[in-house]
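Enquirer: What shape does this take:
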Amino acid sequence: MRAIALLAFAFYLSIGSATSGWGQAASSDAGADRPGLGFGPGHGRILLVLPFDNRSGQPSLEWIREAAPDILSSRFLSAGFAPMSRTDRLYALDHLGLPEGFHPSRATALKLAQTLDADSIVVGSFLTDGSGIIAEAQIVDVQHLRMSQPVSSRGEMKDLISIFDSLAWKLTRQLDPGFSVAEETFVAAGKGMRVDAFEQYIRGISESDHDERLRHLNQAVTLSPEFGPAWMALGREDYNSQQYDQAAAAFAKVVHDDPKVQDPAVQGTDTLEAGFYRGLALLFSGNYPKAEISFGAIARVLPLAEVVNNEGVAVSRQKHDGTALFRQAVAADANGADYHFNLAVSLKRHGDTAGALSELAACLQLKPNDSEAQDLENLWKQPVAKPEGDAKADPLERIARNFDAVAFRQAAQMLDQVDEARLTALSPEQRAQKLAAQAKGYLDQGLLLEAERLYQTALASDDRVPEVHAGLAEVRERTGDLDNARKEALTSLELMPTVDAYLVMGRLDLAAGHLDQASYHLDLALKMDAGNRQALVLQQQVQAARDKQR
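Expert: The predicted structure follows:
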């Protein structure tokens, strides 16, 4: 029934204008007579963002088609939605027998959404106006077969990323009218990205030729050395070319050495994938100690079978006992034949022949044609060992080579649900304090959108927690909303003096040239925490400003 309804809706959309784009058809017949489409908090949060139609008439801007879903999906993810990745979209196209560069019609777009179980589709277009660009988008509610009112954003080409950040905010407000994160925070999320570097990145992930992909991606990371997605894409290219040392170095740029930034629970699937493939690259290049660390960092948060299995392999290759990790892998996925094989090899190596044969039998039950396992079973069942000259080399444990992004997402969602259940059990004040602490972790990493989303949730739980207002003050400060930054800092100080709120006040005073007030707030912060690093930096800045005035 759902498929019939989808096709009926596709036909309904198509009769408006056989040649018009999504935006044109929707402007004429979708939403004008249907106020309030109900894209609210209860609506499904799985989104499919399609490439935007290039209505500029300029082939040189074709790369923006792919740039649009990349930016929008990134912001939707930070806002708490679950956008489908480009890989997901390409998988669906392949599943439908369509080429990668296919421009989907309305009917095909709905089939894509159905294939991926998406709740909503975001469609849009862009055109140029002199040196400026105008982007327009709409949301298709797949379940209810209706479209939102179109929203648009415009600006200079040099502000391309900000234009799509603003568009993402407007679409998010349609999806969830109660969403309270400021538009400035969305725009600030992409503020540090150079448009030329981003263009090279998009061209790098879109090119069909391997050498061209490498050329563009190397240009991207040269122009913007801190651009994680470009390093991620470059790492994949190096890994697929078996350039494992280079791949490990590229993935390391995504998974930082700083433990705060390294936490996979905060960084999301890209960081998990980078850590996983970095571990593989290190394994294949023989750097087993670092491979163990890489897999271990992920396993501490998401102990999935493939992760702990590979951690066990890294341990075993160092001549240590990885049996406990292989047992953990089997417990996590009893249907994984290779995990039983690895446990069998490890048990036999450490003298437990009976246990090894039992695990080998489990492996063969799952994979009856496994010739290596069959040979091992025959060898291990022999009552007398063969002469030393006939002995076979000790078998190596098998490496899990594929990153299952779906499994990682599902496991992460389960952790989120557990965390949410724990939060629900807390009092409103305790819940707000817990959320504020999580938000502070995001804020320390510069993830302003994620931080404000949690601070706003904390504020809704209890608006009298000083850390929440201090955190919002710093978010507002970083996004350039100085008046509201001062207001939030003062609210925090009225509730209870905190170092963070005093520092925000001090920085705002310094920026305004009010050095005496800056020194006053700085002194109060230092009285509370004499060794605070940010306070000491601010102290130097205030002194430098005084010296400059003399």
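
Enquirer: hey, let's count contacts and neighbours off CA atoms from now on
Expert: Fine.

Enquirer: next one: stretch 242-253 to chain centre, how far?
Expert: Distance, stretch centre to chain centre, for stretch 242-253: 20 Å (Cα atoms, centre = their mean, to the nearest Å).

Enquirer: Leu48 looks like it's in a strand, true?
Expert: Yes - assessed with DSSP: H, G, I helix; E, B strand; the rest coil, Leu48 lies in a strand.

Enquirer: ok, it to Leu98 distance?
Expert: 17 Å (Cα to Cα, to the nearest Å).

Enquirer: out of these two, which sits in the busier spot?
Expert: Leu48 (29 against 15; other Cα atoms under 10 Å).

Enquirer: how close does the more buried one sit to Ile139?
Expert: Going from Leu48 to Ile139 by Cα to Cα gives 10 Å.

Enquirer: so what sits against both of these two?
Expert: Listed as contacting both Leu48 and Ile139 by Cα atoms under 8 Å, 6 or more residues apart in numbering are Ser120, Ile121, Val122.

Enquirer: Who wins on neighbours among the residues you listed?
Expert: Counting neighbours by other Cα under 10 Å, Ser120 leads those with 28 neighbours.

Enquirer: Just list whatever residues bridge to that one.
Expert: Under DSSP bridges, the beta-bridge partners of Ser120 are Leu47, Asp141.

Enquirer: Ok, the one 5 residues further on next?
Expert: Listed by DSSP bridges, the beta-bridge partners for Ser125 are Asp53, Glu136.

Enquirer: what's the neighbour count on it?
Expert: Neighbour tally, Ser125, other Cα under 10 Å: 24.

Enquirer: so how far is Lys487 from it?
Expert: Plainly put, Ser125 is 39 Å away from Lys487 if you go by Cα to Cα.

Enquirer: One more: Asp159?
Expert: 29 Å.

Enquirer: How about Gln541?
Expert: Distance from Gln541 to Lys487, by Cα to Cα: 23 Å.

Enquirer: Check Val49 too.
Expert: Distance, Val49 to Lys487, by Cα to Cα: 37 Å.

Enquirer: Repeat that for Pro150.
Expert: From Pro150 to Lys487 the distance is 34 Å (Cα to Cα).

Enquirer: And the strands in this protein, which stretches?
Expert: In the chain, the strands defined using DSSP state E lie at 46-49, 53-54, 82-83, 120-129, 132-141, 146-147, 151-156.

Enquirer: which stretch in these is the model least sure about?
Expert: Mean pLDDT per stretch puts strand 146-147 lowest among those, at a mean of 84.

Enquirer: Tell me the helices and strands packed up against that strand.
Expert: strand 132-141 (3 or more Cα pairs under 8 Å, 6 or more residues apart in numbering; DSSP states H and E).

Enquirer: now with 10 Å?
Expert: If contacts are counted by 3 or more Cα pairs under 10 Å, 6 or more residues apart in numbering; DSSP states H and E, strand 146-147 sits against helix 2-14, helix 22-29, strand 120-129, strand 132-141.

Enquirer: Name every strand pairing with that strand and say which way it goes.
Expert: strand 132-141 (antiparallel).

Enquirer: buried ones in the strand it pairs with?
Expert: Residues Ile133, Ile134, Ala135, Glu136, Ala137, Gln138, Ile139, Val140, Asp141 are the ones in strand 132-141 that count as buried (16 or more other Cα atoms under 10 Å).

Enquirer: Can you get me a residue count around the nearest residue to the second one once chain neighbours are set aside?
Expert: Spelled out, that is Ile134. Closest residue in space to Ile134, ignoring its immediate chain neighbours: Arg154 at 4.3 Å, by Cα to Cα, 6 or more residues apart in numbering. When neighbours are defined as other Cα under 10 Å, Arg154 has 21 of them.

Enquirer: what do you get for Thr222?
Expert: 13.

Enquirer: what sits against it?
Expert: Contact analysis of Thr222 by Cα atoms under 10 Å, 6 or more residues apart in numbering lists Ala197, His216, Ala230.
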